[in-house]
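[1] What shape does this take:
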Amino acid sequence: MSTYLVTGACGFIGSNFVYHALEREPGAVVVALDNLSFAANPANLDPLRGRIELVVADICDFPAMTRVYERFRPDYVVNFAAESHNDRAVLDPSSFARTNALGAQILLEASRRRPPRRHLHVSTIEVYGELPGEAPFFTEASALNAKTPYSAAKAAGDQFVRAYMQTYPELDLAMTHCANNYGPYQFPEKLIPLMITNVLRGRRVPVYGDGLQRRDWLHVSDHCAAIWAVLHAPRAVFGPEAAVHPEKLPIFDVSARHEVTNLEIVRAVLELLGKRPEEWIEHVPDRPNHDRRYLIDPAKLEAELGWRPAVEFTAGLEATVRWYVDHRPWWESILARTGDLQFDWAAGADPAGVNRTT
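    The predicted structure follows:
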């Protein structure tokens, strides 16, 4: 029986992975760790109470992480813990740097002191930055070129992972970069759930700028399956050439190769809700330094581990819209706690992080 330490387990992808892990290995011990920051929601794991160990702790607290490792002695560590909303990072970059960079390093150090079978760090497509117009996609060989506070903090965490991979080769480390995720339990400040919950409350849906920013979309269940495959793959072997060829490191990009504009996503959601896009879309001022386009290629993951996405986008989006319609109490309770989650950049940035429309 394996023990999995899942950090950021009360967030969107982390909670979905906890469900996935228990489906794949019903007898597993899952330690669901979260510091219960703004976007965390313990209710995501309510159906699993009694099957998991829920631990409230901060990955930036090394003594606390040491106690967790000593108590549970995890076989596998999967780090989802991160501040992840680009809008909030513009207003409060320091909290992102703390969790996404320092937290990643502290968790790596905890694994170095008490090594699990494998430690997997979950990162994002955004560490590669803006995709050049002439480039078809990023790959594991692409340079890190983050341009926003959020993605810069994640890239700093990535650099720690790469450094630990090569400095401490006795550690079994792996890393993934994912495309934009969608699916159930996503915090309703992100694009798709924000659109759905706005419409269900009779509000128009905001579209930043012209809405032609292009994104690569991946259903969260396909992402979880990819993480599981990487977590349980044979140990990677790499030599000193990985210092200049990062694609030789155990790093895998995860994508369903489904690229659409934000405006296309919004139109599709509105049509699924039976609304006329021209009546419900409201173009609003764009956030500062908004990435225009990024796309990654999962060829390495497909070739080496045999992973393939299973969720067709149209069906996945329809199921996601239906989930939010059917789980109104889940997101209404979040909004009752947080207030409105829609940012208003026309009003100017508020350094306290409370610049939201009302």
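
[2] Just the buried residues of stretch 326-339, please?
    Within stretch 326-339, the residues scored as buried using 16 or more other Cβ atoms under 10 Å are W330, W331, I334. (Each C-beta comes from the backbone N, C-alpha and C, glycine too.)

[3] Let me see the ranges of the strands in the stretch 151-300 of the chain.
    Secondary structure of the stretch 151-300 of the chain (DSSP state E, counting those that start in this stretch): strands at 173-178, 180-182, 205-208, 214-219, 251-254, 259-261, 281-284.

[4] which residues make contact with the second one from outside it?
    This points to strand 180-182. 12-13, 125, 192, 215-220, 223, 316-317, 320 (Cβ atoms under 8 Å, 6 or more residues apart in numbering).

[5] quick one on the thing from earlier: from the buried residues of stretch 326-339, which is closest to D92?
    I334 (19.3 Å; Cβ to Cβ).

[6] Spell out the secondary structure type for that closest one.
    Three-state assignment for I334 (DSSP: H, G, I helix; E, B strand; the rest coil): helix.

[7] Could you double-check that it lies in contact with Q186?
    No. Assessed by Cβ atoms under 8 Å, I334 is found out of contact with Q186, at 10.7 Å.

[8] quick one: which of the strands of the stretch 151-300 of the chain is nearest A39?
    Distance to A39, taken as Cβ to Cβ, is lowest for strand 180-182 among these, at 13.5 Å.

[9] how distant is that closest one from the center of its chain?
    A distance of 8 Å separates the centroid of the chain from that of strand 180-182, by Cα atoms, centre = their mean, to the nearest Å.

[10] Buried residues of it, list them for me.
    For strand 180-182, by 16+ other Cβ under 10 Å, it's N180, N181, Y182.

[11] What of stretch 307-322?
    Using 16+ other Cβ under 10 Å as the burial criterion, the residues of stretch 307-322 that qualify are W307, P309, V311, F313, G316, L317, T320, V321.

[12] just so I have it, where are all the helices in the stretch 51-200 of the chain?
    62-72, 86-91, 93-97, 104-113, 149-167, 191-200 (DSSP state H, counting those that start in this stretch).

[13] Confidence-wise, which of these is weakest overall?
    With a mean of 85, helix 86-91 has the lowest mean pLDDT of the helices of the stretch 51-200 of the chain.

[14] elements contacting that one?
    helix 149-167 (3 or more Cβ pairs under 8 Å, 6 or more residues apart in numbering; DSSP states H and E).

[15] Contacts for the helix it packs on next, please.
    82-86, 88-90, 93, 96-97, 99-101, 103-105, 108, 112, 121, 123-124, 126-127, 129, 144, 146, 171, 173, 175, 238, 242-243, 246, 249-251, 291.

[16] What backbone torsions are found at V325?
    phi -60, psi -40 (degrees, to the nearest 10).

[17] Counting neighbours, which of the contacts of helix 149-167 end up buried?
    82-86, 88-90, 93, 96-97, 99-101, 103-105, 108, 121, 123-124, 126-127, 129, 144, 146, 173, 175, 238, 242, 246, 249-251, 291.

[18] just to revisit the earlier point, can you check which residues contact both of I334 and Q186?
    If you check I334 and Q186 against Cβ under 8 Å, 6+ apart, no residue is contacted by both.

[19] can I get the CA coordinates of the worst-scoring helix or strand of the chain on mean pLDDT in CSV?
    The weakest-scoring helix or strand in the chain, judged by mean pLDDT, DSSP states H and E, is helix 86-91 (a mean of 85). Provided in CSV are the C-alpha atoms of helix 86-91 (Å, rounded to 0.1, in the frame of the first residue of the first chain):
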residue,chain,number,x,y,z
ASN,A,86,-2.4,35.9,-13.0
ASP,A,87,-4.7,38.8,-12.1
ARG,A,88,-3.9,38.4,-8.4
ALA,A,89,-0.2,38.1,-9.2
VAL,A,90,-0.2,41.5,-10.7
LEU,A,91,-1.6,43.0,-7.5
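
[20] Who are the contact partners of A40?
    Contacts for A40 (Cβ under 8 Å, 6+ apart) come out as G8, C10, G11, D34.

[21] So L33 belongs to a strand, correct?
    Yes. Checked against three-state DSSP, L33 lies within a strand.

[22] For it, give the beta-bridge partners.
    Counting by DSSP bridges, L33 forms beta bridges with T7, V55.

[23] how near is it to R88?
    21 Å (Cβ to Cβ, to the nearest Å).

[24] Check H223 too.
    22 Å.

[25] go on, R322?
    Distance of R322 to R88, given as Cβ to Cβ: 28 Å.

[26] Please apply the same query to V266.
    From V266 to R88 the distance is 21 Å (Cβ to Cβ).

[27] Repeat that for A64.
    From A64 to R88 the distance is 24 Å (Cβ to Cβ).

[28] Could you do L218 as well?
    Taking Cβ to Cβ, one finds L218 at 22 Å from R88.

[29] With I227 instead?
    Distance of I227 to R88, computed by Cβ to Cβ: 24 Å.
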